[in-house]
Structures are given as structure tokens and as C-alpha cells.
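Undergrad: coordinates only, sequence not included:
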């Protein structure tokens with residue numbers, strides 16, 4: 001396996017509600033798990049945040065990255081060009097502009113391929129990401145999803 005492989009998942013206990021994300025980054029024999037919880041957010045935001053947080057950890061430019069996600073929202077936005085259309089229209093009528101712009105910054109310079117994986121289908125790494133996301137959402141250390149909360153005001 002060459003390049004970096006990332007598995008991601010997001011969770012929201014209510015939509016909106018407390019949420020979290022989990023991700024696993026694999027490069028050769030190295031593996032890193034990350035997660036974070038937020039006090040008020042949505043499932044789609046956490047699915048996207050898991051991808052962003054993982055990409056922001058990459059230290060070298062021009063990495064080949066394969067991202068596995070059970071979020072059709074995230075995968076189709078990239079692979080089917082939805083994001084390009086949203087950029088052209090200034091995200092008119094679309095949510096999560098702040099995170100999509102952050103994704104573009106984190107993804108810049110890398111060679112990224114998204115692959116959809118069916119969630120809750122006994123895939124060990126997807127299941128582990130789900131555990132990380134749920135644990136983060138239920139933790140006592142919840143951050144403020146400023147993009148979501150300011151959008152609601």
C-alpha cells in the first residue's frame with residue numbers, strides 16, 4: 001500500500017446536537033487515531049470535520065491520500081463535483097461553507113481519492129472510527145463548533 005490511507009466517521013447525538021468525529025491515518029506501519037467532540041453540531045459537519053482534521057495532520061506536501069468515508073454527502077461532494085458547483089455559486093443556499101473552504105485549504109497540493117464505504121457493516125476500521133466519534137460526542141470535553149453556532153445566530 002503506497003501513500004496515506006485515512007478512515008473517517010462523524011456522529012451527532014441529535015441533528016443538531018452534541019457531536020464528534022473520529023479518524024484513523026495509516027502510512028506504512030504507522031497508525032494514528034484522532035477524535036474530538038463538539039457541544040452543538042450536525043452529522044454532516046462531523047463527517048466533513050473528520051476528513052479535515054486528518055488532512056491537517058499531514059506534514060509533507062503532495063501526498064497521495066485515499067480517504068474512506070461512509071458519508072455520501074462528503075464523498076459525492078468531491079467525487080461528483082458538487083463542491084465545484086457550490087464554489088461557482090458562492091455556496092448559495094448551501095450549508096457548511098466554512099468547513100468546505102477549510103477542506104480545500106487542507107487538501108491543497110495533495111492527490112486525494114475518496115472511496116465510499118458502507119457504514120455499520122462490520123468493517124473494523126470504519127467501526128473503530130464510529131467508536132471514536134461517539135466517544136468524543138459523549139465526552140466531557142466538548143469544543144464549540146463556531147461555524148455552526150454562529151450560522152444559527
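TA: Noted; the coordinates are in hand. All of these numbers come straight from a predicted model, not from anything done at the bench. Residues are numbered from 1 along each chain as shown.
Undergrad: can you pull out the strands in this protein?
TA: 4-12, 17-27, 30-41, 64-69, 111-116, 142-143 (DSSP state E).
Undergrad: Which of those has the highest mean neighbour count?
TA: strand 4-12 (a mean of 27; mean count of other Cβ atoms under 10 Å). Every C-beta, even on glycine, is put in place using the N, C-alpha and C of the backbone.
Undergrad: one step back: what's the closest of the strands of the chain to residue 97?
TA: Closest of the strands of the chain to residue 97 is strand 30-41, at 14.9 Å (criterion: Cβ to Cβ).
Undergrad: Please name every helix or strand in contact with that closest one.
TA: strand 17-27, helix 43-56, helix 124-137, strand 142-143, helix 146-152 (3 or more Cβ pairs under 8 Å, 6 or more residues apart in numbering; DSSP states H and E).
Undergrad: quick one: low-confidence parts of this protein?
TA: 1-2, 152-153 (pLDDT under 70).
Undergrad: residues touching the spatially closest residue to residue 55 that is not a sequence neighbour, list them.
TA: Closest residue in space to residue 55, ignoring its immediate chain neighbours: residue 106 at 3.8 Å, by Cβ to Cβ, 6 or more residues apart in numbering. Counting by Cβ atoms under 8 Å, 6 or more residues apart in numbering, residue 106 touches 52, 55, 56, 58.
Undergrad: ok, residue 106 to residue 131 distance?
TA: According to Cβ to Cβ, to the nearest Å, residue 106 stands 24 Å off from residue 131.
Undergrad: picking up where we left off before, between the contacts of residue 106, which is closest to residue 10?
TA: Looking across the contacts of residue 106 and measuring by Cβ to Cβ, the closest to residue 10 is residue 52, at 10.7 Å.
Undergrad: Am I right that the closest one is in contact with residue 100?
TA: No: taking Cβ atoms under 8 Å as the definition, residue 52 is not a contact partner of residue 100, at 9.3 Å.
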